[in-house]
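In: starting from these lines, generate the structure:
(2 chains)
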Amino acid sequence: MAACGILFLADFVSAQIYLPKPAPAPSEYGKVILDNYAGAEPGAVVFDHWLHRSKFTCRVCHVDVGFAMEAKATGIKASTNREGFHCGACHDGKRVFEGKTVFAACSDAAHDQQCDRCHSLGKKGVRKYEYKEYTAKFPKGIYGVNWEVAERSGVIKPIDFIEGLSVKKAPMKSREDFTVQANYSWVHPIEFSHEKHSIWNGCELCHPEIFPTAKKGTVSYSMFSNIEGRYCGACHGKVAFPLNNCQGCHAKAPSWVP
Amino acid sequence: MVNPTFFKGKFFTARLVTTTVSTTIIAALLFLGLAGLCAVPAIGEPSASAAQADTTQESWRTEFDNVCAKTEDAMTFSQEELMDLIRRCDTLQPRIEKLDESRKKVFLERLRKCRGLYAYVLDAKTKEKN
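Out: Model prediction:
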C-alpha cells in the first residue's frame, strides 16, 4: 500500500517538475544539421549559429535572407544558393567580408569548390573555425559567450544589412524595455530588453508569429510553453541562451549554473 | 525589223550582262530593304519587352522596399496608414508570385512577415481604441 502511494506520488511529482533539459556544450548549442538527401554525397551540412551570430544580426538572416525559424521550412537547395539566395546571399564568391572574399556556396566552378566547409558532418578537420579558438577572446557568461556584452564591448559588430537584399531603413527608434511580472510571487520578475531584442531581431521576426498579441494579459506565458518551444522558447533553448540560465531573464534570480 | 545577227553581237551581250547585274542588284537591294523594314519591329520588340520586364522587375522591388522599409516605425502610424500599407502588400503579392521560384520563395516570405507586422500593429491599435 505504502509502495503504491510512493509510486503515485513520484508520478505526480515528475509530472509537475517540468524543467528544461540541460543545454549541450556551448560549441554544440544551436548547431543545425541540414540533411535533405539522407547522407548522400557531398554529405549533410553542419551550420554553427555561434559563428554566424558573431558576424550578423538574427534579423538579417531570418528576415532579409529568408531562413525560416523551423527545421526544413526554408527549402535551401544548391540551386537557390547558386542563384544568390539563402547561403548564396553572402557566400557568392564576390562579397568581401573582414577583408576576405566569402567563398561561393555550391559553386559549379571546380577551382572554387569547397564543399567540405559546410558539408562537414562526420568529417574531421574540415571545418575552418572551431568554437574554442574562435571565441577565445569573447567575453563569457554563465553559459558560453555573453553575446550582449560581446557586442557592447565592440568585440563583435553584427552586420544588419546585405547589399542587394536588405531594405534600407532609418535607424531604429529606441524601444522601451519593460518588466514582466512572473505568475508566481516567489519567481523574480523578467527584465525584458525590448531594445536589444528589436535591434537584433527586428519587429517582424517576433510579431505576430512568435508573440501574436500586443495586448497585455491576453496570453499566459509560462515556462512550460517556453520549454515546448513557444514564445521565448522559439529562440531561447535552441540558439539564444538556454532556458535554465535563469538570470538571463529573471535578473535577480539566484545564480544557477546549469 | 530587227536584224537577227544583231542579237549575236558583242555589244548586245555586254548590255544584257549589265542589265542582268543591275536587275540583280536592284532586286537584292529591294529584298534587303524589305527585310530591313520587317526586321525593325522583330528586333525592336524583344528589346522593348526586356526593357519592360526590367522596369516591371524594378518596380515591384522598389514598391517592396518602400512598403517594407517602414516596419520598424509601424507603431507610429495611424490606423489608416497601416491599412494602406496592408493594401499595398496585398497588391504586391500577385506580382511577386510571378517571379522565378527562388526569388518568389524568399520575397513572399518577407512580404508575409512585413504584412503580418502591420496587421498586428493595426489590431493592437484597434483594440486599444475600443
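In: excluding its backbone neighbours, what's nearest residue A:209?
Out: Using C-beta to C-beta, 6 or more residues apart in numbering or on different chains and skipping residues adjacent in sequence, the residue nearest residue A:209 is residue B:116, 6.7 Å away. C-betas here are computed from N, CA, C, even on glycine.
In: correct me, but that neighbour touches residue A:211?
Out: No. With contact defined as C-beta atoms under 8 Å, residue B:116 does not count as touching residue A:211 (11.6 Å).
In: so between those two, which is more surrounded?
Out: residue B:116 (18 against 15; other C-beta atoms under 10 Å in any protein chain shown).
In: could you tell me the model confidence score at the more buried one?
Out: Each residue has a pLDDT score; the one for residue B:116 is 97.
In: picking that back up, surely the residue nearest to residue A:209 forms part of a helix?
Out: Yes. Assessed with DSSP: H, G, I helix; E, B strand; the rest coil, residue B:116 lies in a helix.
In: residues of chain B that sit close to chain A?
Out: Taking C-beta under 8 Å from any C-beta of the partner chain as the contact definition, chain B meets chain A at B:64-65, B:68-74, B:76, B:102-103, B:105-107, B:109-110, B:113-114, B:116-117, B:119-121, B:123-124, B:127-128.
In: tell me the buried residues within these.
Out: The neighbour-count test (16 or more other C-beta atoms under 10 Å in any protein chain shown) marks B:64, B:68, B:70-72, B:74, B:102-103, B:105-107, B:109-110, B:113-114, B:116-117, B:119-121, B:123-124 as buried among the residues of chain B next to chain A.
In: quick one: contacts for the nearest residue to residue A:118 once chain neighbours are set aside?
Out: Among residues not flanking residue A:118 along the chain, residue A:45 sits closest, at 4.8 Å (C-beta to C-beta, 6+ apart). Residue A:45 is in contact with A:33, A:34, A:35, A:118, A:119, A:120, A:121, counting by C-beta atoms under 8 Å, 6 or more residues apart in numbering or on different chains.
In: tell me the SS of the closest residue in space to residue B:79 that isn't next to it in sequence?
Out: Nearest residue to residue B:79 in three dimensions, chain neighbours excluded: residue B:125, at 5.5 Å (C-beta to C-beta, 6+ apart). Judged by three-state DSSP, the three-state class of residue B:125 is helix.
In: and residue A:178, what does it touch?
Out: By C-beta under 8 Å, 6+ apart, the contact set of residue A:178 is A:192, A:194.
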